[in-house]
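A.B. asks: Any chance you can model this:
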Amino acid sequence: MLMLGAQILLGFQLQAPFQNAFSELPELERSFQLLVLILLVVVVGLLISPAAHHRIVEEGQASGGLIRFISGVAVTTLAPFAIALSLDIQVAASGVIGLAGALGLGAVMAIAAIALWYGPFLKPAKGVGEMATPEEKTPTAAKIDFALTEARVVLPGAQALLGFQLAIMLTTGFAELPQTDRSIHLIALCLIALCTMFLMAPAAYHRIVYNGEATEEFYKIASRFILSATVLLACGLALDLRVVTYRASGNVSVGNAIAVTSFCVLVGLWHAWPCWRRARRGAKSP
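C.D. replies: Have a look, this model is predicted:
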């Protein structure tokens, strides 16, 4: 539920600096837009991390550790998403009710989001214990269903990002960019397009090559496609962040720093951290 909304908002943030009215925003609100962009990259990184964790650490098993990990990620992600959403509403409202009123509205929306999403912690359900977790090995058919579901979760957001990237190329602001930045954006667009292709490939293989059969061989292929797609997504997002932050700030160093940092964070969440956890688990095994 969070994923599609977060990726659509991220797509809007990537497009915002190319809109005609962006340059007319006060410095404070342009800074808010950059902050929202960074927050949404973190949100998307966290939301995709359970899929990478499931592929690499748990090897497709529906373990209790995976359930706890997903719950922890979901709870952690709500806070930065609430802040990003409230800041976006504040910027949108400033042209209608003024900066002071918009700041107040943004604060009210942030409080409402936190209250609605974290309020249930104040009143835990009575008689409800810890969720039962499976102890047996997960069947191959269930592992394949998990893999295809994880691909479907990421896919709509990747397609939305691709649409925003294509729209950026038709704006006046994009035409004003140096040739280097336009080329970087084109590379980023191709990487996100490839990411979309990789995420759609498992379903095609399942239908055409394996005729819908639940085989261990197909599960391994699907997992490789999904993990490869996350690498392409990290590269594409990082390159586009370089272009967008340079457009918003006018500072090449800031753009480069944010791009490199975001790439390291995303690859760390989706590959380095799960690989480290898997290696650590293997070292503890007798």
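A.B. asks: How far does the helix or strand harbouring residue 181 sit from its chain's centre?
C.D. replies: Element membership of residue 181 [criterion: DSSP states H and E] is helix 179-208. Chain-centre distance of helix 179-208: 15 Å, with Cα atoms, centre = their mean, to the nearest Å.
A.B. asks: ok, then the element right after it?
C.D. replies: Helices and strands here follow DSSP H and E; after helix 179-208, the next one along the chain is helix 216-249.
A.B. asks: following that next one, which helix or strand comes up?
C.D. replies: Downstream of helix 216-249, the first helix or strand assigned by DSSP H and E is helix 252-267.
A.B. asks: for that following helix, which positions count as buried?
C.D. replies: Within helix 252-267, the residues that count as buried by 16 or more other Cβ atoms under 10 Å are 255, 258-259, 262-263, 265-267. Where you see a C-beta, it was placed from the backbone N, CA and C, and this is true even at glycine.
A.B. asks: buried sites along the helix holding residue 181?
C.D. replies: Using 16+ other Cβ under 10 Å as the test for burial, helix 179-208 gives 181-182, 184-185, 188-189, 191-196, 198-202, 206.
A.B. asks: packing partners for it?
C.D. replies: Packing partners of helix 179-208 (3 or more Cβ pairs under 8 Å, 6 or more residues apart in numbering; DSSP states H and E): helix 140-168, helix 216-249.
A.B. asks: what's the most buried one of these?
C.D. replies: Per residue and on average, the most neighbours among the helices and strands packed on helix 179-208 fall to helix 216-249, with a mean of 21 (mean count of other Cβ atoms under 10 Å).
A.B. asks: which one of the helices and strands packed on helix 179-208 lies closest to residue 75?
C.D. replies: When the helices and strands packed on helix 179-208 are compared by Cβ to Cβ, helix 140-168 sits nearest residue 75, at 17.7 Å.
A.B. asks: tell me the angle of the closest one relative to helix 216-249?
C.D. replies: For helix 140-168 against helix 216-249, the angle by axes from the mean of the first three to the mean of the last three Cα atoms, to 10 degrees is 30 degrees.
A.B. asks: from now on call the first residue 8
C.D. replies: Shifting the count to begin at 8 puts that one at helix 147-175.
A.B. asks: could you give the mean pLDDT of helix 147-175?
C.D. replies: Across helix 147-175, pLDDT averages out at 85.
A.B. asks: Same question for stretch 73-92.
C.D. replies: Stretch 73-92 comes out with an average pLDDT of 87.
A.B. asks: do stretch 249-266 as well
C.D. replies: 88.
A.B. asks: ok now it, how far from the chain's centre?
C.D. replies: Centroid separation for stretch 249-266 versus its chain: 20 Å, with Cα atoms, centre = their mean.
A.B. asks: What of stretch 260-270?
C.D. replies: Counting by Cα atoms, centre = their mean, stretch 260-270 comes out at 17 Å from the chain centroid.
A.B. asks: can you check stretch 237-255 too?
C.D. replies: 12 Å.
A.B. asks: Stretch 109-118 too?
C.D. replies: 24 Å.
A.B. asks: Mind listing what's buried along that stretch?
C.D. replies: Of all the residues in stretch 109-118, those buried under the rule 16+ other Cβ under 10 Å are 109-110, 112-113, 116-117.
A.B. asks: Tell me which residue is most central in this structure.
C.D. replies: The residue lying closest to the centre of the chain (Cα atoms, centre = their mean) is residue 51, at 1.9 Å.
A.B. asks: what sits against that one?
C.D. replies: For residue 51, the contact set (Cβ atoms under 8 Å, 6 or more residues apart in numbering) comprises 10, 13-14, 17, 164, 244.
A.B. asks: Please identify the helix or strand for it.
C.D. replies: Element membership for residue 51 (DSSP H and E) is helix 34-63.
A.B. asks: Residue 11 too?
C.D. replies: Using DSSP H and E, residue 11 maps to helix 9-22.
A.B. asks: Tell me which other helices or strands the following helix or strand past the helix holding residue 51 touches.
C.D. replies: On the C-terminal side of helix 34-63, the nearest following helix or strand under DSSP H and E is helix 71-125. For helix 71-125, the packing partners by 3+ Cβ pairs under 8 Å, 6+ apart come out as helix 9-22, helix 34-63.
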